[in-house]
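Peer 1: What would the 3D arrangement of this be:
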Amino acid sequence: TIQNELDQHFNFFEENLERFEASRMYRFCRMVNIVMTSQLRQLIVGSITAYVELLDKYRIVLDDDFDLDADVVAELEEDSEERAYWEKRAEEILAVRARVKEELEAAEAKKNKGKPKAKKPIDE
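Peer 2: Numbers count the residues shown, from 1 in each chain. Modelled structure (predicted):
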């Protein structure tokens, strides 16, 4: 293992903090910490740069005379068709739910038709 190979060079079980800070083990840990921090920083900067480039790739550049308040952006025909489809589908689903609810209420009313209704207690 790594510990067995490095055991002759480093004391992994130093109990005295002052001796640990003066040891080669402390310098080695600091060096590993600095290298890992640097690599992580490079990875983050690279990822953010790639993300910004991706966003820039799909950015819409507007003309100087483009007025957001006055100009109307045309809606795509596919969007209109899809919206109409989902509105129709939602109406169908609501109609089915209403029909099922009515059927359940009718079955419940038929089931309870001959039974007397329970009286609700009156709160005083």
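Peer 1: for the chain, what are the low-confidence residue spans?
Peer 2: Under the criterion of pLDDT under 70, the regions of the chain flagged as low confidence span 1-3, 7-8, 67-76, 114-124.
Peer 1: all helices in it, in order from the N-terminus.
Peer 2: Remark: helices assigned in the chain by DSSP state H are 2-6, 17-22, 24-57, 77-111.
Peer 1: what's the closest of the ones you listed to residue 66?
Peer 2: helix 24-57 (18.8 Å; CB to CB). Using the backbone N, CA and C atoms, a C-beta is placed for each residue, glycine as well.
Peer 1: Now the closest one: buried residues?
Peer 2: Within helix 24-57, the residues that qualify as buried by neighbour count (16 or more other CB atoms under 10 Å) are residue 25.
Peer 1: quick one: residue 98 and residue 92, what's the gap?
Peer 2: Between residue 98 and residue 92 the computed distance is 11 Å (CB to CB, to the nearest Å).
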